[in-house]
Structure formats: structure tokens, C-alpha cells
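Participant: have a look at this fold, sequence not included:
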DNA sequence: AACAGTCGTAACACTAATGGTTACGACGGA
DNA sequence: TCCGTCGTAACCATTAGTGTTACGACTGTT
């Protein structure tokens, strides 16, 4: 499947910002976060831009600019982040419309759509059970 | 996320083969299935080849060749199909190793891996709850 | 023995998504 | 006015999925 690390990087960025703020700083820069995540600052800015549209973070411009949390980590779940950065459904239908004259071709899409909806709902429930505060706690619990 | 229709096409093919066999035919050809799914026979052969490796279907060669089910649809779940056609994990880690000198960079991967494992286990449980017989029933239940 | 139909698979092209990089204008505090 | 950072466009590289052509391998039939 997709080698999609957006959810991981987003969680990384949120945990980093929160920890940095707890150390007394007001905002974190995309360059600092990119250094920790070992990627490019533009990648971080793009990703945090999506999180800002979802109301999870805020950004300040000008000198002394950077990113800060818009809400408490406790109130943010992986589902919030997932919906902010992952647009489409988990499973896709046929690329081309199947043969509507065939019984299977006619009925397969409604059948699979119903099944997929149930599965994705379960996935969302699982993602909603994990807060970013949980993530940060797990991060700090890693053995040295 | 990934526009990945392999699971859908695989379910389509299995339902089609089963229905065709219930009508008295021994084997279905990749060309027939491709006609119903509106795709190329080679795509179907590749996909069914993966299902054969997983023990879900069998193929016969020579004249009068084609594909047949290796097991009853009742004993096949979407998880069997999913594992046969989807290789990797649902969520990926960072492309490049994060900064191991940073607390977050050091702890993020074990933390996310633990979380992701739980979520994927839930996904597998959901997929295992749906048999291909369920899928075929839903297909035939589509209103005309 | 030859033929014909179908699988098995390699090779290639096309598309879309993701991620990395450079560049540069916009913004706002000093 | 200057400087640091965001916002965003543009482009490239890589990868995965899909569609297509081609052709050898296999096997029942004639």
C-alpha cells in the first residue's frame, strides 16, 4: 500500500511543538521541526498548513514567527490529524465503471461501499481513541 | 490515501467466479472476468495469481483453461484477500531516520509503531468479519 | 503431430501521490 | 529599513498502481 508518512510526521511535529512550548518557548519554527524529523522545512510548513486549516495549530509571521498549538494536546486525537492530512477513502472502487449488464458488475460497487464504510468507521473510532497527549507520553517513555 | 482498488477487484473476481461456477461452469477465464470488471485480462491474471499463492483460487492451463475457487466462499474472508494482495503496513514511518539526539526524534518511532500495530490489528479483525459469501449476498441484493 | 485457446510473465508507458528542493514574495517586529 | 520566517509556486525524483503488448508454456482436441 501507500508509503504514506504524513500522519507520522504530523504527530512528530505536534509532539515537538508541545514539548518546546512546555520548555517556555512561544513558537517553534519549521526549520527546528524539520531538523528533528530529518526532512525539509517546506515539507513541515505544508503539513502544518493543513493542520492549521483544521484548527489544530496556529502560525505567526514576521520576525520571531513560528508555529504554536491552537488547542491542548489532550483534546487532539489521531483522528483529527488523520482527517486533516488524509483526503480520500481507504479503499477505492474500480477505475472504470464495471459492466452494468452483468449481475456482479452491477451490484459490486454498492456492496463494497457498504462494507468499506463500516470498516472505515471502525478505523476512525480507533484513531479517535488515541490523543496526541498519549502519543507524547509514549514518546517520552521510550527506553534510553 | 492510496487509490488502491486491488481489494475491490479481487472481491469482484471471486464473486464472479463463484456465480459462474454455480451456473454449472467449471472454470472462468481472465477475459470473462476482465469484461465484467471493465479492465484488462492481464490485470486479472496478475491479481488472481496472488490469490492463488494464498490458496484461494486455482488455475488450469491449456485448452479449456481458466480459474476456479480453491475453497468455499463461506470460508474466505476479506482479510484473506487483503493479506494476499496488500503487502505493506497501512501507515509508514519517516523516510529518513529522525534525529536520534532529540527526545522526540528518538522516541517517536517506537511510540507510533505501537499505536499503529493496535489500529491495524483492529482493521484486520474487521476485515476478518466479512466473508466473500457475505459480499456475494450483498452484490445480489442490489436493487435493480 | 499440429493446432488452438488460455495461462504466466516480462517489458514498457502512463498516471497520480508523495516527498525533497529552490526560489521568492509577504509579513511584521526591531 | 532590515531581517527572519511563513506561504506558496514550480519543478524534479521516486514509487505504486494500472493498462497494454507481446510471447513462451501448457494441454485438450483434431
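Facilitator: Thanks, I have the structure now. Computed from a predicted structure; not experimentally measured.

Participant: contacts, neighbours, all on C-alpha from now
Facilitator: Will do.

Participant: which stretches of chain A form helices?
Facilitator: Secondary structure of chain A by DSSP state H: the helices cover A:6-22, A:30-37, A:41-53, A:78-85, A:103-128, A:132-140.

Participant: those helices: which one's closest to residue B:86?
Facilitator: Nearest of the helices of chain A to residue B:86, taken as Cα to Cα: helix A:103-128 at 15.6 Å.

Participant: does any part of that closest one sit near DNA strand D?
Facilitator: No: figure legend: helix A:103-128 not in contact with DNA strand D (Cα under 7 Å from any atom of the strand); closest approach 14.1 Å.

Participant: again, but for stretch A:12-29
Facilitator: Yes: judged by Cα under 7 Å from any atom of the strand, stretch A:12-29 comes into contact with DNA strand D at A:28-29.

Participant: quick one: the spatially most distant residue from the centre of chain A and chain B, what's the gap?
Facilitator: Ranked by distance from the centre of chain A (Cα atoms, centre = their mean), the top residue is residue A:101, with 40.7 Å. To chain B, residue A:101 is 8 Å away according to Cα to the nearest Cα, to the nearest Å.

Participant: now residue A:67
Facilitator: According to Cα to the nearest Cα, residue A:67 and chain B sit 17 Å apart.

Participant: what's the burial count for the nearest residue to that residue once chain neighbours are set aside?
Facilitator: Residue nearest to residue A:67 in three dimensions, not counting chain neighbours: residue A:59, with 4.5 Å by Cα to Cα, 6 or more residues apart in numbering or on different chains. Counted with other Cα atoms under 10 Å in any protein chain shown, residues neighbouring residue A:59 total 17.

Participant: pLDDT below threshold where in chain A?
Facilitator: A:1-3 (pLDDT under 70).

Participant: what does it put close to DNA strand C?
Facilitator: Residues of chain A found near DNA strand C (Cα under 7 Å from any atom of the strand) are A:2-6, A:39-43, A:60-64, A:86.

Participant: is stretch A:114-131 up against chain B anywhere?
Facilitator: Yes: under the criterion of Cα under 8 Å from any Cα of the partner chain, chain B is reached by stretch A:114-131 at A:119, A:122-123, A:126-127.
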